[in-house]
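Asks: pasting the sequence and the predicted model now:
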Amino acid sequence: MNEDVDVVRLPAKDSALINRFIKAGEFKNKSEFITYAVKKAINEVILREFEEKSRAAPPMAEKDVDKLLTEIKDIRKKLWEGYAHRVF
């Protein structure tokens, strides 16, 4: 897996909170927390873009909406399981 190394500057309060999460066993280290946070932010941006594009699309039948939502949930679950498997 190719990785980039980036420097991230955080306010002291945020860094302290991340350290608390690490001490509580929520994350192994700051890198793991930041990777998680970035993936979560990317997911939110993608979902927001999808929502904006879906507003411009013609209306869908309720059964088609339900099918699409189920497919999205399945994709998110598979992505998370793949990520969790690599991290944990």
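Replies: Here it is on my side, so go on.
Asks: can you show me the helices along the protein?
Replies: Counting by DSSP state H, the chain has these helices, from start to end: 12-23, 30-56, 62-87.
Asks: packing partners for the longest one?
Replies: Using 3 or more C-beta pairs under 8 Å, 6 or more residues apart in numbering; DSSP states H and E as the contact criterion, the elements in contact with helix 30-56 are helix 12-23, helix 62-87. Glycine gets a C-beta too; all of them are placed from N, C-alpha and C.
Asks: mean pLDDT lowest where, among those?
Replies: Among the helices and strands packed on helix 30-56, helix 62-87 carries the lowest mean pLDDT, at a mean of 80.
Asks: now the angle from it to helix 30-56?
Replies: Helix 62-87 and helix 30-56 are oriented at 170 degrees to each other (axes from the mean of the first three to the mean of the last three C-alpha atoms, to 10 degrees).
Asks: distance from the chain centre to helix 62-87, please.
Replies: For helix 62-87, the distance from its own C-alpha centre to the chain's C-alpha centre is 12 Å (C-alpha atoms, centre = their mean, to the nearest Å).
Asks: then stretch 53-70?
Replies: Stretch 53-70 has its average C-alpha position 22 Å from the chain's average C-alpha position, going by C-alpha atoms, centre = their mean.
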